[in-house]
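Asker: Below are the sequence and a predicted model for it; my questions follow.
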Amino acid sequence: MRIIVFSDSHNNDSNMRRALELNRCRFDLCIHLGDGCREFVLLSEEYTDIPFVTVDGNGEDFFGSKRVSETVLDLDGKRIFVTHGHRYNVKFGTTALEYRAVEKECNIVLYGHTHIPDNRYLPDIMGRALYVFNPGSISRPPFGHKPSFGVIEITKAGISLNNAEV
């Protein structure tokens, strides 16, 4: 299974559109980690051949959205905890987020909010291995970073997470 992951598009769909066009028919699922769900919903209506999953970020919370702020996906025998991360204070560290993912028995945790890519493998948190992944911001990267997205591959051989620039 191949998954493309976006976060923090902030009302700008041009880079998401470019990434989807360049990789069309290569992904089984598209995930948005919040702060840009409105344009993401519009893209999901255009790219009907790809399933889309999204969670609200702090930007959507501000506008009173009714979507979920976190979810767990069971895909190809792996559990993925999906959240924007603001409710776990990820700008100050990911420990609370990591423990929540372990509590939910997940193998991978996806988050955004910081706009900075993060790709780590933690071999032992309370007896569980965990992949921690932030694709960075697709439209508003901080100084020194380029717009980026994530690619996740789940195969029988294991899990691969990669950050890609637009």
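Answerer: Now that the structure is in, tell me what you want to look at.
Asker: what about Tyr121, how many residues close to it?
Answerer: Other residues lying near Tyr121 total 12 when counted by other C-beta atoms under 10 Å. Backbone N, C-alpha and C define where each C-beta goes, glycine included.
Asker: What's the first helix or strand after the host helix or strand of it?
Answerer: Using DSSP states H and E, Tyr121 sits in strand 118-125. The helix or strand immediately downstream of strand 118-125 is strand 128-134, counting by DSSP H and E.
Asker: Quick one: mean pLDDT over stretch 153-166.
Answerer: The pLDDT scores in stretch 153-166 average 94.
Asker: tell me how far the ends of that stretch are from each other?
Answerer: End-to-end distance of stretch 153-166 (C-alpha to C-alpha, to the nearest Å): 19 Å.
Asker: partners of Arg120 in the sheet?
Answerer: On the basis of DSSP bridges, Arg120 is bridged to Val132.
Asker: Ok, Ala164 next?
Answerer: Bridge pairing for Ala164 - DSSP bridges - gives Phe149.
Asker: Does it touch Pro147 like I think?
Answerer: No: in this structure Ala164 lies outside contact range of Pro147 using C-beta atoms under 8 Å: 9.9 Å.
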